[in-house]
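A.B. asks: below is the sequence, then the predicted model.
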Amino acid sequence: MKINQNVYHSTRSETLTASSAQAVLQGISPDGGLYTLSRFSQDRISCEELLKMDTLPMAAEILSILLPDFSRDEMLSLAEAAYRGKFETPDLTPTVRVGEDHVLELFRGPTSAFKDVALSLLPHLMRASAAKCGVEDEILILTATSGDTGKAALEGFCDVPGTRIIVFYPEDGVSAVQKAQMVTQQGGNVCVCAVKGNFDDAQTGVKRVFTQVGRENLLSGSHVRLSSANSINIGRLAPQVVYYFSAYKAMIADGAVAPGETVDFCVPTGNFGDILAGFIARQMGLPVGRLVCASNANNVLTDFIRTGRYDRRRPFHLTSSPSMDILISSNLERLLYLLSGDAALVKQLMEQLAAEGCYQAPDSLMEKLQEVFWAGCCDDAGTRDAIGQVWNSYHYLCDTHTAVAWNVAQQYKAAVPDHRPLVVLSTASPYKFPEAVLKALGIAQQGGGFEAMEQLRKATGVPIPANLQGLDHKPVLHRDSIESGDMLDYVMKKAVNRS
Ligand SMILES: *Cc1c(COP(=O)(O)O)cnc(C)c1O
């Protein structure tokens, strides 16, 4: 199939273009910008038609609109390979009623984390994109993880032909459960290695390997090409657009809205990928009302959405919702472009952020932004209260990230009387953070992570997801541990020499 060269372009330059397959393969644009369309609007299919479809055909339709190098049929076979039989329910991401609101459960995938939705499909997209671009090299994914992403990426790439993955985790930086999830990973093309130090050491080490290897990302003397699976890749964003449509469909089925009426979504936010997918769904014609951005104590986005001033020069807080402990929300750059249509402005703001740690967005942009986005934040005490309140009032058990969103959703409803029926996005199983959830329920923890899981199950009767059961008894398959300076050697040894 012919590749269309002029579809995606950098958020920082409209002349730096790439086809959708090239954008997926490259991940980030060579000027440091993110690949975007000028607008994600579409007129290929009406919303009504889309909402009549089952989940996988709906996903195929939406994904082939977003990534036009792929036909609907091609996308359907990729989506089947990625999702069929790997999620707890055929609709992948069920929406359930909790009190007067709804919760969109994004954690029913193979590792009980919302990143499964995107990372299950990305390997298949990458492989197919490589084929379209005439790249025959093996793709080697390098990832540094603070916990959740690593396992979801391992599971997604496991045994996908033409790909390999090496995950580096900080020896002192992941929970016992997260470590057990990774070191028991099976698969012929996966490799997991501890790095002495903290997450920053692992992350910096991975970036250094990319720099050492050079621009073409080709490991010397080999047909192995490095790539990354991080959330600025459009191939990770596109699969997330789909669940906004399925949630809307579920809201109609539940009688919460009539077809065509708007729905508000409240999203626990870190790197701004999840909530941006909601904005893309809105541009594609889904009746999305407001997108509520929920942050923990690292509330740089709350301040930005309220005032237009982005300032990362502030204390970094370690919170009970660690996947949202982020001060630079990379995907926000795409929103700035989509609202302003001004690549020169985005380039200037991003350069200012890199040099000075802050920027002020123009009023005209902020007016457009505030028409759609509302923001709030909640600290660890508010998170605990929300878990307790949701459990006591509705017998619904939520994790710490979901609890932040729940808390902010209630703030939003109190502050904005004309709000619409609301969906809270739930991004992790409570069993991924059993210590914090037990504490929120007022139960004293009696052992390590695995004991806490069992204690939580006994106290609530909520079943432990199958993938997290018995992890402490599975054989450990990965025992490597290295200094962060030795990562390139390690990569060469594992990926080229295969020793
Ligand atoms: C990654 C993650 C988030 C944040 O999502 P972004 O797309 O980075 O905004 C929220 N909750 C959990 C559990 C996550 O793993």
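C.D. replies: Here it is on my side, so go on.
A.B. asks: so who does the residue in the stretch 101-250 of the chain that the ligand sits nearest to touch?
C.D. replies: For the stretch 101-250 of the chain, the residue positioned closest to the ligand under CB to the nearest ligand atom is Asp148, at a distance of 4.5 Å. C-beta here means a position set from N, CA and C on the backbone, and glycine is covered the same way. Listed by CB atoms under 8 Å, 6 or more residues apart in numbering, the contact partners of Asp148 are 111, 113, 115, 178, 323, 428, 432.
A.B. asks: quick one: the fifth one and Ala428 touch, right?
C.D. replies: Yes - taking contact to mean CB atoms under 8 Å, the distance of 7.3 Å between Ser323 and Ala428 places them in contact.
A.B. asks: shared neighbours, these two?
C.D. replies: 148, 401.
A.B. asks: what is the nearest of the contacts of Asp148 to Tyr169?
C.D. replies: Using CB to CB, Gln178 is the member of those that sits closest to Tyr169, with 7.8 Å.
A.B. asks: how many other residues sit next to the closest one?
C.D. replies: Residue neighbour count, defined by other CB atoms under 10 Å, stands at 23 for Gln178.
A.B. asks: Tyr310 against Phe304, yeah?
C.D. replies: Yes - distance between Tyr310 and Phe304: 4.5 Å, which falls inside the contact criterion (CB under 8 Å).
A.B. asks: so Leu353 makes contact with Arg313?
C.D. replies: No - in this structure Leu353 lies outside contact range of Arg313 using CB under 8 Å: 10.4 Å.
A.B. asks: neighbour count: these two, which is higher?
C.D. replies: Neighbour count, other CB under 10 Å: between Leu353 and Arg313, Leu353 has more, with 17 against 9.
A.B. asks: name the element the more buried one belongs to?
C.D. replies: Counting by DSSP states H and E, the element that carries Leu353 is helix 343-356.
A.B. asks: is Leu425 in contact with Asp101, as I believe?
C.D. replies: No - counting by CB under 8 Å, Leu425 sits too far from Asp101 to count as a contact (11.3 Å).
A.B. asks: higher neighbour count, these two?
C.D. replies: The residue with more neighbours, out of Leu425 and Asp101, is Leu425; 30 against 19, by other CB under 10 Å.
A.B. asks: assumed Gly270 was part of a helix.
C.D. replies: No - Gly270: not assigned to a helix; according to DSSP: H, G, I helix; E, B strand; the rest coil it is coil.
A.B. asks: what is the neighbour count of it?
C.D. replies: The criterion is other CB under 10 Å. On that basis, Gly270 has 24 neighbouring residues.
A.B. asks: ok, back up a step: what mean pLDDT does the helix holding Leu353 get?
C.D. replies: The predicted model gives helix 343-356 an average pLDDT of 96.
A.B. asks: for that helix, packing partners?
C.D. replies: Counting by 3 or more CB pairs under 8 Å, 6 or more residues apart in numbering; DSSP states H and E, the packing neighbours recorded for helix 343-356 are strand 13-18, helix 332-340, strand 358-360.
A.B. asks: tell me the most buried of those?
C.D. replies: Ranked by mean neighbour count, the helices and strands packed on helix 343-356 are led by helix 332-340 with a mean of 23 (mean count of other CB atoms under 10 Å).
A.B. asks: helices or strands next to it in the packing?
C.D. replies: Under the contact definition 3+ CB pairs under 8 Å, 6+ apart, helix 332-340 sits against strand 35-36, helix 273-283, helix 343-356, helix 363-372.
A.B. asks: what pLDDT, on average, does that helix get?
C.D. replies: For helix 332-340, mean pLDDT is 97.
A.B. asks: can I get it as PDB, trimmed to CA atoms?
C.D. replies: Output for helix 332-340, consisting of C-alpha atoms alone and laid out as PDB, is shown next (Å, rounded to 0.1, in the frame of the first residue of the first chain):
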ATOM      1  CA  LEU A 332       0.100  18.600  26.800                       C
ATOM      2  CA  GLU A 333       2.200  19.800  23.900                       C
ATOM      3  CA  ARG A 334      -0.300  18.200  21.500                       C
ATOM      4  CA  LEU A 335      -3.200  20.000  23.100                       C
ATOM      5  CA  LEU A 336      -1.400  23.300  22.700                       C
ATOM      6  CA  TYR A 337      -1.000  22.700  19.100                       C
ATOM      7  CA  LEU A 338      -4.500  21.400  18.400                       C
ATOM      8  CA  LEU A 339      -6.000  24.500  20.100                       C
ATOM      9  CA  SER A 340      -3.700  27.100  18.600                       C
END
